[in-house]
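J.: Need coordinates for the below:
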Amino acid sequence: MVATRKIAQGDLNQQVPIQSHDELAVLAQSFNEMTSRLQQTLSLLQAHKDELEQRVQERTQALSEAIQHLQQTQTQLVQSEKMSSLGQLVAGVAHEINNPASFIHGNLTYASTYIQDLLDIITLYQQHYPNPPAGLQEAIDAVDLAFIQSDLPKLLQSMQVGSDRINEIVRSLRTFSRLEEGDFKPADIHDGIDSTLMILKHRLKMATGNGIQVVKHYAPLDPIDCRLGQLNQVFMNILTNAIDALQDQGAAPSSPSQQPPTIEIRTRSLSPDWIAIHIFNNGPSIDTEIHSKLFDPFFTTKSVGQGTGLGLSISYQIVTEHHRGRLYCHSKANWGTEFILELPTHHPDETMPDLAAADH
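T.: Take a look at the predicted model:
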């Protein structure tokens, strides 16, 4: 009775003792066999249940990953479209500025020559007629002819400097706007960096009270095979993050020994087949616990509406997948943060030495 009571309570490991060879023994034997089969059936059901739960968990995980991948792809498409639109806008602005600027730049040379000829004639006239009539002398004194003769060449020179500056801006805009070029082409990586700095110049000036100092140490590098428009996007993302970090530091109380906010850009050759680009800022360091998440999609430490968490993720994809290079970050307290891009100098599809063979 004890065994049957425990079996009834769910303990299927119990067996009814067989102490005779009569009908009760046969009944007990049958009861024990039924209990064993029931236990096997329950074990089989439990195994099926566990397998089903495992499948559901795997399907749920796969579905979650698929949804995340879809969201990531969708956001990247939106971001790519935004950058493409920006490229078209910048190219259009550069074109509209370039047309009138070319007229001004081209005519300034002739204007300078003509005005210098007129000034020379005036000087010769003054030498031959040092004592002009009273009415002419009054007019000369009224306009301060001596000042005009000395200042007009300086004025034209400053106009020439301004015109050269406009042409430089237009060239930078055109370089930066190469976002839609899909083919690998030889390009000067320094032009890409400089054009990005030109686009961000207003932020560099306004980020802190005295602006952000940009220090460049460019090694003599040959053009590399790349999609320069995509790399410009990488430079834009990294430099924007550096400006944000330095701006946050500038808003915090500073000590007398604190270094001025600085971004340092250094390029170097690792080997005939590889180059490196170092972008350093002396802003706050990156916390250790978030360092490993920097390149994860949608990860951001910025407040809502300030960042999508895709800038560095897309940059990592551009460098590692599109260009078969490497992108990594070093950060240390009381030092700053440095992003390092390592890029092959030749088309990634071509045979080239592995990066590990390069001398770091």
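J.: where along this structure do the helices fall?
T.: Ranges of helices in the chain, per DSSP state H, are 2-8, 23-128, 134-143, 145-176, 189-199, 201-206, 228-251, 288-291, 311-317.
J.: Please produce JSON lines containing the ones you listed, extended by mean pLDDT, distance to residue 275 and mean neighbour count.
T.: From N, CA and C alone the C-beta is placed, and that goes for glycine too. Shown next, in JSON lines, are the helices of the chain (pLDDT from 0 to 100; distance: least, Cβ to Cβ, whole Å; neighbours: other Cβ atoms under 10 Å):
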{"stretch": "helix 2-8", "mean pLDDT": "60", "distance to residue 275": "77", "mean neighbour count": "13"}
{"stretch": "helix 23-128", "mean pLDDT": "80", "distance to residue 275": "24", "mean neighbour count": "12"}
{"stretch": "helix 134-143", "mean pLDDT": "88", "distance to residue 275": "58", "mean neighbour count": "10"}
{"stretch": "helix 145-176", "mean pLDDT": "82", "distance to residue 275": "18", "mean neighbour count": "15"}
{"stretch": "helix 189-199", "mean pLDDT": "89", "distance to residue 275": "7", "mean neighbour count": "21"}
{"stretch": "helix 201-206", "mean pLDDT": "82", "distance to residue 275": "24", "mean neighbour count": "14"}
{"stretch": "helix 228-251", "mean pLDDT": "84", "distance to residue 275": "11", "mean neighbour count": "22"}
{"stretch": "helix 288-291", "mean pLDDT": "70", "distance to residue 275": "25", "mean neighbour count": "10"}
{"stretch": "helix 311-317", "mean pLDDT": "82", "distance to residue 275": "17", "mean neighbour count": "21"}
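J.: residues in contact with the residue most central in space within the chain?
T.: What sits nearest the mean C-alpha location of the chain, by Cα atoms, centre = their mean, is residue 237, with 2.4 Å. Taking Cβ atoms under 8 Å, 6 or more residues apart in numbering as the criterion, residue 237 is in contact with 311-312, 314-315.
J.: distance between the ends of stretch 320-333?
T.: End-to-end distance for stretch 320-333: 27 Å, by Cα to Cα, to the nearest Å.
J.: burial of residue 346, as a residue count?
T.: By other Cβ atoms under 10 Å, 17 other residues sit near residue 346.
J.: Start at 23, not 1
T.: Sure, I'll start counting at 23 from here, so that last one is residue 368.
J.: Distance check, it against residue 290.
T.: To residue 290, residue 368 is 17 Å away according to Cβ to Cβ, to the nearest Å.
J.: Could you do residue 301 as well?
T.: Residue 301 is 13 Å from residue 290, where distance means Cβ to Cβ.
J.: what about these two, which has more around it?
T.: Remark: of residue 301 and residue 290, residue 301 carries more neighbours, 22 against 14, as counted by other Cβ under 10 Å.
J.: hang on, the more buried one packs against residue 289?
T.: No - checked against Cβ atoms under 8 Å, the pair residue 301 and residue 289 is beyond contact range at 9.9 Å.
J.: ok, residue 340 - contacts?
T.: Neighbours of residue 340 in contact, by Cβ under 8 Å, 6+ apart: 249, 252-253, 255-256.
J.: could you redo those residues as a markdown table and give each row distance to residue 86?
T.: Formatted as a markdown table, the contacts of residue 340 follow (distance: Cβ to Cβ, whole Å):
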| residue | distance to residue 86 |
| --- | --- |
| 249 | 32 |
| 252 | 30 |
| 253 | 33 |
| 255 | 29 |
| 256 | 29 |
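J.: Outline the domain layout of the protein.
T.: The chain is divided into the following domains under automatic domain parsing: 24-92, 204-382.
J.: who wins for proximity to residue 114 among the ones you listed?
T.: The closest of the domains of the chain to residue 114 is domain 204-382. By Cβ to Cβ, the value is 14.7 Å.
J.: what's in contact with stretch 207-216?
T.: Here stretch 207-216 has contacts from 194, 197-198, 238, 240, 243, 245-250, 253-254, 257, 287, 289, 297, 299, 365, using Cβ under 8 Å, 6+ apart.
J.: Please enumerate the strands of the stretch 223-372 of the chain.
T.: Secondary structure of the stretch 223-372 of the chain by DSSP state E, counting those that start in this stretch: the strands cover 235-239, 246-248, 284-293, 296-303, 348-354, 358-366.
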